[in-house]
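Student: prediction below, plus the sequence it came from.
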Amino acid sequence: MCDSAVALGAETASGHTLFAKNSDRKAGECQPFEQHPAAHHAPGSRVRCTHLAIPQVAETYAVMGHSPEWVWGFEHGVNEHGVAIGNHTVFSNEPIEETPGLIGMDLVRLGLERGRTAREALEVIATLLESHGQGGAALAPDATGYHNGFLLADPGNAWRLETTNRRWAARQVRREACTNHYALDTSWAIASSDFAAWARAAGYWRPASRVDVAAALRNPHIPRHLTEGRARRAREILDAGAGALDVAAFAALLRDHGEGGPAWTAGDAGPGEERYFTLCAHSDPVQRTTASLVAELPDRHRASWPVWIGFATPCTGILLPVYLGGTLPASLARRLDGVDGPSAWWRFQQLDAAVAKDPERATPRVRAAWAPLERDIERERAQVEREARGGGDAARVLTDFMERTVARALERAEELARELQAG
């Protein structure tokens, strides 16, 4: 599953592009946050992705993102040029290829490593998808693969990209919410060269008119209530804030449980009902939010800019500011807890599990408990960014701030989990 949103500068309070995504996966799947530096590569070298190795390019850009522990790629992330990308499962009429290829998460990371703009990253993904396909396990090592949609953004542009095996279509967007179904209609702007002819030849589109991507590709056997309520709710939130959207609004979108309030209150609802599926996902066994990201993409002249990241469900945790311009704390990328030190993902997962025992009571309690620390971090963040822009050792300043912030958050998460377990 997954939900994401974007708003270009004309739609936001700061005038900067905002991007956000919840990664919805199987509950309990560790999803660390990784950082990879820019690099130059020797001619003829190859890069090993999740299922196959492909030719490497001469230069890759600095990136960071959330990566399921068994996967090479990212669920979502950013690069040094201010490009952000996230992927989503989409349910196609076309069966997924059996031959392993580049899964959607690989394509996210490859797009970030090789694209200086959203359009350039789109072209990277499209070219690789046409060459290698997207078959192979993606939900779990022993599970089937899936087709992917992507949301790509940079400081000035955003694109919605939808795919089926080795074909794709895309269009630019300004204020958009994406979830797990095809939503491009006849307004797509670019596509794989044979897309329209293939859709007709395959019998997915019979009219003589321009191909409607969603109508042609959407699998009618997948219940629409799995996705449409979330898409509608995200659009409502974006539309309500149009022109004044900010980081807080995008964080609230990721934490949203619908009209029921701050706690997950699906009550006796089950997977057969739309209200069971909320933007902040607690709908086991179908999906659960396991990682989150909000980014305010910089103008081209800002050397240091924050990305806010969360682990497990965002309603139970805190979104922490991190920077590609510094070195991330090791705990963010750690897969095991307590062996070489704390694992951020597991500490927040333990808190999430404690909240899940009584979510209606515990969720407002932990949100209130996080508020003082969130205010402290935001005050210090403004000071730290001014210092980093002041011409000193920006990398050291940002690294020290992240170390302090993450250490405080992990300590507080552990305290809250103990308090809830004690009743």
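Tutor: The structure has been received and is ready for your questions. What you see is a predicted model, and the numbers here were worked out from it, not measured in a lab. Numbering: from 1, shown residues only.

Student: show the backbone phi and psi for the residue lying closest to Gly15 once chain neighbours are set aside.
Tutor: Spatial nearest neighbour of Gly15, excluding adjacent residues (CB to CB, 6 or more residues apart in numbering): Gly9 at 4.4 Å. From N, CA and C alone the C-beta is placed, and that goes for glycine too. Per-residue torsions, Gly9: phi -60, psi -30 (degrees, to the nearest 10).

Student: tell me the secondary structure for Glu156?
Tutor: Slight slip there: residue 156 is Gly, not Glu. Here Gly156 takes the coil state, with states given by DSSP: H, G, I helix; E, B strand; the rest coil.

Student: and for Arg408?
Tutor: helix.

Student: isn't it right up against Glu374?
Tutor: No. Here Arg408 lies out of contact with Glu374, judged by CB atoms under 8 Å, at a distance of 10.9 Å.

Student: ok, back up a step: contacting residues around the residue nearest to Gly15?
Tutor: Contacts for Gly9 were tallied using CB atoms under 8 Å, 6 or more residues apart in numbering; they are 15-17, 155-156.

Student: list only buried entries from the residues you listed.
Tutor: Taking 16 or more other CB atoms under 10 Å as the criterion, what is buried in those is 16-17, 155.

Student: tell me the pLDDT at Ala242?
Tutor: On pLDDT, Ala242 comes in at 91.

Student: look up the closest residue to it, ignoring the ones flanking it.
Tutor: Closest residue to Ala242 apart from its sequence neighbours, by CB to CB, 6+ apart: Glu11 at 5.5 Å.

Student: who touches that neighbour in this structure?
Tutor: Taking CB under 8 Å, 6+ apart as the test, what Glu11 contacts is 18, 174-175, 238, 242-243, 245.

Student: so which of those belong to strands?
Tutor: In strands, defined here by DSSP state E, the members of these are 18, 175.

Student: of the contacts of Glu11, just the buried ones, PyMOL syntax please.
Tutor: Of the contacts of Glu11, the buried ones go into a single PyMOL selection, burial set by 16+ other CB under 10 Å:
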select buried, resi 18+175+238+245
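
Student: for the chain, which spans come out with low pLDDT?
Tutor: 259-268, 300-301, 303 (pLDDT under 70).

Student: which stretches of it form helices?
Tutor: For the chain, helices defined by DSSP state H occupy the ranges 104-114, 118-132, 195-201, 213-217, 228-241, 247-254, 344-356, 359-388, 394-422.

Student: in a markdown table: those helices, plus distance to Phe277.
Tutor: What follows is those, written out as a markdown table (distance: least, CB to CB, whole Å):
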| stretch | distance to Phe277 |
| --- | --- |
| helix 104-114 | 20 |
| helix 118-132 | 27 |
| helix 195-201 | 29 |
| helix 213-217 | 19 |
| helix 228-241 | 6 |
| helix 247-254 | 14 |
| helix 344-356 | 17 |
| helix 359-388 | 15 |
| helix 394-422 | 25 |
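
Student: Leu184 is nearest to which of the ones you listed?
Tutor: helix 213-217 (3.9 Å; CB to CB).

Student: give the buried residues for the closest one.
Tutor: 213-214, 216-217.

Student: dump those residues to CSV, plus distance to Ala354.
Tutor: Shown next, in CSV, are the buried residues of helix 213-217 (distance: CB to CB, whole Å):
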residue, distance to Ala354
Val213, 43
Ala214, 40
Ala216, 46
Leu217, 41
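
Student: having no further points to raise, I will conclude here.
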